[in-house]
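Student: After the sequence you'll find the predicted model.
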Amino acid sequence: MVIPAGAYSIKALNTESNDQLPTAGETQIRGIEATLRCEMKLSASVAVDFTHPYSINTILGFDSGLYGGPTAVKYISRHDIHILSVNSIYVNWDLITNSYINGVPTPVIYSFFPNVAPGYKVVEKPYNLIYLPLNKTFINSVTVWLTDEKGNILNFKDQRKCPN
């Protein structure tokens, strides 16, 4: 089974797996909120192979291996679910100085956590404005980019860039 690239919740992964494999028997995947672990229930004779190098086992918190058997089985992941890889979105701007993240100079003018589900429009209004000095006396161009808290540029798939 191949899961198309996207932003999935545990519930959406459960739906996708059952939609792709309707004749295999029902598979249930759910998050256990109290422990941050994943519960996976497999119908009799259903097997899940988490040994593939691009498997979602680490996202769901499972070790690499084969799961399932001739009878219905329930598994609890040994590790926490890691389905959300971005905790903060940083708005970077190449014109500023004196901005620091954890003591390291960075061109970040604002950071936030989006409060909408994946695929929905993010509308964010900055508050508690702080004015920072510019690093240029003449502005002939401006570059703005979004990164996560690790400095990775965010991938918005097929979203179009703003026109110049």
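Tutor: Structure received. Numbering: from 1, shown residues only.
Student: Mind telling me what element the closest residue to residue 72 other than its chain neighbours is part of?
Tutor: Nearest non-adjacent residue to residue 72, counting by C-beta to C-beta, 6 or more residues apart in numbering: residue 44, 5.0 Å away. Every C-beta, even on glycine, is put in place using the N, C-alpha and C of the backbone. Of the helices and strands defined by DSSP states H and E, none includes residue 44.
Student: Is residue 44 in contact with residue 71, as I believe?
Tutor: Yes. If you go by C-beta atoms under 8 Å, residue 44 and residue 71 touch, sitting 5.3 Å apart.
Student: any weak-confidence spans in the protein?
Tutor: Low-confidence segments of the chain (pLDDT under 70): 22-25, 118-119, 157-164.
Student: Going along the chain, name the strands of it.
Tutor: 27-32, 37-42, 47-49, 66-68, 73-76, 89-93, 100-101, 104-105, 108-112, 144-147 (DSSP state E).
Student: Of all those, which one comes closest to residue 17?
Tutor: With C-beta to C-beta as the measure, strand 27-32 is the member of those nearest residue 17 (5.4 Å).
Student: How about the closest one, which residues are buried there?
Tutor: If you call a residue buried by 16 or more other C-beta atoms under 10 Å, then strand 27-32 has these buried ones: 27, 29, 31.
Student: quick check, nearest of the residues you listed to residue 148?
Tutor: So of the buried residues of strand 27-32, ranked by how close each gets to residue 148 (C-beta to C-beta), first place is residue 31, at 21.7 Å.
Student: I'd like to check which residues are in contact with that closest one.
Tutor: With contact taken as C-beta atoms under 8 Å, 6 or more residues apart in numbering, residue 31 is in contact with 10, 37, 38, 39, 81.
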